[in-house]
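*Asks:* 3D, please:
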Amino acid sequence: MICGVTVIPNVTVFSSLFRSPSLYTVVTEVKDSTDDSSTVKQSGSYASEKDKSAENNQYYGFDAQFDRPLCLQENKKYKLVSLIKGPNSWYGEDGRTSDECEGVRFTLTSSNASYNGTCETRGQFPAFIFALV
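*Replies:* Alright, predicted model coming up:
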């Protein structure tokens, strides 16, 4: 199989700010935005832990990991959908709408499926972890 430029093994999710660790049940899905078909779906329970990479370790989060790598095609739009159940969770604000890393550009756009205030610059995902293939 010929793969595009990226593989997403996991996604980092905000949980709480300045709180003790909590348990969350999460269903995360990557969908093809052209026909809304599911490319990969993963469910699991995760315990949040203090993020060591954040400035001043100000939030708790967890990595929602997929069981298998996901090959994404270059210049194609995908939807990342996540249902998070558990204690109230935190969110990031003033995020970038576009960023480039290792020659791969990620562009975030708003979704008509969002009902909780998530948009291009505000939401649950502070990081996407990927590898070039």
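*Asks:* In this protein, where is pLDDT below threshold?
*Replies:* For the chain, the stretches flagged by pLDDT under 70 are 1-20, 52-58.
*Asks:* if you set the cut-off to 50 instead, what comes out?
*Replies:* 1-9 (pLDDT under 50).
*Asks:* just the strands in it please.
*Replies:* Under the criterion DSSP state E, the chain contains strands at 6-17, 23-32, 38-47, 49-50, 59-65, 71-72, 78-85, 98-101, 104-107, 127-132.
*Asks:* If it's not too much trouble, I'd like those exported to a markdown table so that mean neighbour count and distance to residue 121 sit alongside each entry.
*Replies:* For every residue, glycine as well, the C-beta is placed using N, CA and C. A markdown table is the format used below for the strands of the chain (neighbours: other CB atoms under 10 Å; distance: least, CB to CB, whole Å):
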| stretch | mean neighbour count | distance to residue 121 |
| --- | --- | --- |
| strand 6-17 | 19 | 14 |
| strand 23-32 | 17 | 20 |
| strand 38-47 | 14 | 24 |
| strand 49-50 | 14 | 24 |
| strand 59-65 | 20 | 17 |
| strand 71-72 | 18 | 22 |
| strand 78-85 | 15 | 15 |
| strand 98-101 | 11 | 11 |
| strand 104-107 | 12 | 12 |
| strand 127-132 | 14 | 15 |
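*Asks:* Hmm, residue 33 is touching residue 81, no?
*Replies:* No. Between residue 33 and residue 81 there is no contact under CB atoms under 8 Å: 10.7 Å.
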